[in-house]
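J.: sequence? don't have it. structure:
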């Protein structure tokens, strides 16, 4: 997914077909009530596609998405503006890929941008960092079972190498536990990870916290964002116990398959969002070369 979206930067430059300021007379997507009268709420799950063409244009605050001759706006009626061309192309692709109806629940990049722009929970950078780090207390790969032995061994064989990588990568101690209260995470570990996350901008942190909440794991998220794990690996590792139970008791095909594909899509979108929003040229270079 990362590579296919990045290829759009070359093949998708035709989307940049609107001159700067050329669509400023647009009224947006429907009437625009006063900001104080508008409470944050996700758009309807599905609605009929009302536009033919999707384009991006560069405005004073960044890159904007245009649906025909109307500028895209957030649920709080703010102008939808993103900080990078690559992210704008990726979002435009989400809108362009919609068919007869707009399935907003599949448009994860758009949703993440809306969250970053509207900030409905009014969280600052520090709160986003601690929301992500807090997952260490119940991290999927750190919370182990005591039985059956086959699952204990599976968790040890699959999760220990990821924890070992994170400990070496960040010079910290994480460990694991079978206790119901979860692992005992040293204060220094939290301090190091808080410092590391502070190097990301607020938009990227929205994406990181989103991925952490999908995988229920700070460790797996770090591995994914650092390109140590692929999306498929991170998702499978986050569902290790569920996969074990499915192998033992059988698969509810319509439910388990949908959940797996949905989790992959959300995780991939979140990871892509982090990289496209990151200010680190080193990360962008790794993504392009990966």
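T.: Everything's here; your move. All of these numbers come straight from a predicted model, not from anything done at the bench.
J.: tell me the average confidence for the strand or helix carrying residue 126?
T.: For residue 126, the element it lies in under DSSP states H and E is helix 125-133. Averaging pLDDT along helix 125-133 gives 96.
J.: Stretch 264-279 too?
T.: 94.
J.: who touches it?
T.: Stretch 264-279 has contacts (CB atoms under 8 Å, 6 or more residues apart in numbering) with 1-2, 5, 83-84, 86-87, 90, 106, 108-109, 112, 116, 200-201, 203-204, 206-208, 210-211, 214-215, 224-225, 231-232, 234-235, 283-284, 287. Every C-beta, even on glycine, is put in place using the N, C-alpha and C of the backbone.
J.: one more time with 7 Å
T.: 1-2, 5, 83-84, 86-87, 90, 108-109, 112, 200-201, 203-204, 207-208, 210-211, 214-215, 224-225, 231-232, 234-235, 283-284, 287 (CB atoms under 7 Å, 6 or more residues apart in numbering).
J.: on that earlier part again, by contact count, what packs against the helix holding residue 126?
T.: helix 187-197, helix 202-215 (3 or more CB pairs under 7 Å, 6 or more residues apart in numbering; DSSP states H and E).
J.: and the last one, what other elements does it pack with?
T.: With contacts defined as 3+ CB pairs under 7 Å, 6+ apart, the secondary structure elements packing on helix 202-215 are helix 108-118, helix 125-133, helix 218-225, helix 253-277.
J.: Now render those as TSV, adding distance to residue 61 and mean neighbour count.
T.: What follows is the helices and strands packed on helix 202-215, written out as TSV (distance: least, CB to CB, whole Å; neighbours: other CB atoms under 10 Å):
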stretch	distance to residue 61	mean neighbour count
helix 108-118	10	22
helix 125-133	19	17
helix 218-225	26	27
helix 253-277	15	19
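J.: In a markdown table, list those along with distance to residue 155.
T.: A markdown table is the format used below for the helices and strands packed on helix 202-215 (distance: least, CB to CB, whole Å):
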| stretch | distance to residue 155 |
| --- | --- |
| helix 108-118 | 29 |
| helix 125-133 | 22 |
| helix 218-225 | 13 |
| helix 253-277 | 19 |
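J.: which stretch among the ones you listed comes nearest residue 175?
T.: Nearest to residue 175 among the helices and strands packed on helix 202-215 is helix 218-225 (10.8 Å), distances taken as CB to CB.
J.: Can you get me a residue count around residue 164?
T.: Neighbour count for residue 164, taken as other CB atoms under 10 Å: 11.
J.: Checking it next. Helix, strand or coil?
T.: Assigned with DSSP: H, G, I helix; E, B strand; the rest coil, residue 164 falls in the helix class.
J.: Now do residue 15, the pLDDT please.
T.: At residue 15, pLDDT is 38.
J.: now swap in residue 229 and tell me
T.: Looking at residue 229, the pLDDT reads 98.
J.: before we move on, what about residue 136?
T.: 95.
J.: what's the helix holding residue 126 in contact with?
T.: Outside helix 125-133, the residues touching it (CB under 7 Å, 6+ apart) are 190, 193, 194, 197, 198, 202, 205, 206, 208, 209, 212, 218.
J.: looking at the helices and strands packed on helix 202-215, which is closest to residue 141?
T.: Comparing these by CB to CB, helix 218-225 comes nearest, at 5.1 Å.
J.: Hey, what's the angle from the helix or strand just after the closest one to helix 253-277? Just curious.
T.: The helix or strand immediately downstream of helix 218-225 is helix 231-238, counting by DSSP H and E. Angle of helix 231-238 versus helix 253-277, following axes from the mean of the first three to the mean of the last three CA atoms, to 10 degrees, is 120 degrees.
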